[in-house]
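Colleague: have a look at this fold, sequence not included:
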């Protein structure tokens, strides 16, 4: 999967983005690069279920995770996640679902596709290679995306058209290859054979960027600015170790 090389969709410096600390790796990153976990309503035996909060909007205390799915699964299996969540939520009365990684991926995917759907219905997302190529050459494309199974030749031609429209020929500017194939994108948008997508509004690109960053990071392919390389590399070694009873890590808040 090609890492996106898009120019920033915002003029804000990355240092302005609120940062949170991953409860597992201890690394800091912006909210849009991390998955938030929240507590659901009390369950059986007084245990509170821990659930993914893909939009990072659920009320109450939150726990932030910046590692990818594989590392989260490992931490769930060796007990490190349980200890980190107990500290973050300041309680050990937690019910952590065995399929938490599956729930997280499904939730992050749904958040991303629903955002795309909203932009599409608002008329700010265009489909079709010819239409996208024309808009790209005219400098009217703010963000460009390709399905995971898009042909390399088709993606390359649209990337070139986008560079021409942005007067960025000779640079690495290219569309983002999504972690969804054309079938999944077609279902999400209610259209046939969705292979390439383009946003024509910079505000739309900004709104889509957040859920997309979270999804890509969770799947191990962070978007530009995710700033979690250390969490995926050095952090993996820390996550592989069994939970230590005397380990202390500050709790994370909303």
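Modeller: In hand now; what should we look at? Since the model is a prediction, treat every value here as computed from it, not as a measurement. Numbers count the residues shown, from 1 in each chain.

Colleague: those strands in this protein, which residues are they?
Modeller: Using DSSP state E, the strands found in the chain span residues 19-21, 28-30, 35-39, 48-53, 62-65, 94-95, 125-127, 143-146, 176-177, 196-199.

Colleague: to residue 133, which of the ones you listed lies closest?
Modeller: Closest to residue 133 of those is strand 196-199 (Cβ to Cβ; 9.0 Å). (Glycine included, C-beta is placed from N, CA and C.)

Colleague: the closest one packs against which elements?
Modeller: strand 125-127, helix 129-137, strand 143-146, helix 152-165 (3 or more Cβ pairs under 8 Å, 6 or more residues apart in numbering; DSSP states H and E).

Colleague: buried deepest among these, which one?
Modeller: When you average the neighbours per residue for each of the helices and strands packed on strand 196-199 (mean count of other Cβ atoms under 10 Å), strand 143-146 leads with a mean of 25.

Colleague: show residues contacting that one.
Modeller: For strand 143-146, the surrounding residues in contact (Cβ atoms under 8 Å, 6 or more residues apart in numbering) are 6, 9, 132, 136, 154-155, 158-159, 162, 174-178, 195-199, 204-205, 208-209.

Colleague: would you mind measuring from residue 135 to residue 120?
Modeller: Using Cβ to Cβ, to the nearest Å, we find residue 135 at a distance of 15 Å from residue 120.

Colleague: residue 202 too?
Modeller: The value you get for residue 202 to residue 120, if Cβ to Cβ is used, is 17 Å.

Colleague: helix or strand with the lowest mean pLDDT in this protein?
Modeller: helix 229-232 (a mean of 35; mean pLDDT, DSSP states H and E).

Colleague: residue 106 is nearest to which of the strands of the chain?
Modeller: strand 48-53 (8.3 Å).

Colleague: other SSEs contacting the closest one?
Modeller: strand 35-39, helix 80-89, strand 94-95, helix 100-121.

Colleague: that one pairs with which strands?
Modeller: strand 35-39 (antiparallel), strand 94-95 (parallel) (DSSP bridges).

Colleague: pLDDT (mean, whole number) over it?
Modeller: In this model, strand 48-53 carries a mean pLDDT of 96.

Colleague: tell me how far that strand lies from the chain's centre.
Modeller: 18 Å (Cα atoms, centre = their mean, to the nearest Å).

Colleague: one more: stretch 86-94?
Modeller: On Cα atoms, centre = their mean, the centre of stretch 86-94 falls 25 Å from the chain's centre.

Colleague: next, the distance between the ends of that stretch.
Modeller: Using Cα to Cα, to the nearest Å, the gap from the first to the last residue of stretch 86-94 comes to 7 Å.

Colleague: what comes up buried for it?
Modeller: For stretch 86-94, a neighbour-count test (16 or more other Cβ atoms under 10 Å) marks 86-89, 94 as buried.

Colleague: from those residues, which two are the most distant?
Modeller: Within these, 87 and 94 form the most distant pair, 11.0 Å apart (Cβ to Cβ).

Colleague: hang on, the earlier thing: in JSON lines: the helices and strands packed on strand 196-199, plus distance to residue 33.
Modeller: Putting those into JSON lines (distance: least, Cβ to Cβ, whole Å) gives the following:
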{"stretch": "strand 125-127", "distance to residue 33": "23"}
{"stretch": "helix 129-137", "distance to residue 33": "27"}
{"stretch": "strand 143-146", "distance to residue 33": "17"}
{"stretch": "helix 152-165", "distance to residue 33": "24"}
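
Colleague: quick one: which of these is nearest residue 74?
Modeller: strand 143-146 (30.2 Å).

Colleague: from the chain's centre, how far out does the closest one sit?
Modeller: For strand 143-146 - counting by Cα atoms, centre = their mean - the centre lies 15 Å from the chain centre.

Colleague: as a whole number, average confidence for it?
Modeller: According to the model, strand 143-146 has a mean pLDDT of 98.

Colleague: do stretch 204-220 as well
Modeller: 95.

Colleague: thinking again about what came up before, among the strands of the chain, which comes closest to residue 104?
Modeller: Among the strands of the chain, the nearest to residue 104 by Cβ to Cβ is strand 48-53 (4.3 Å).
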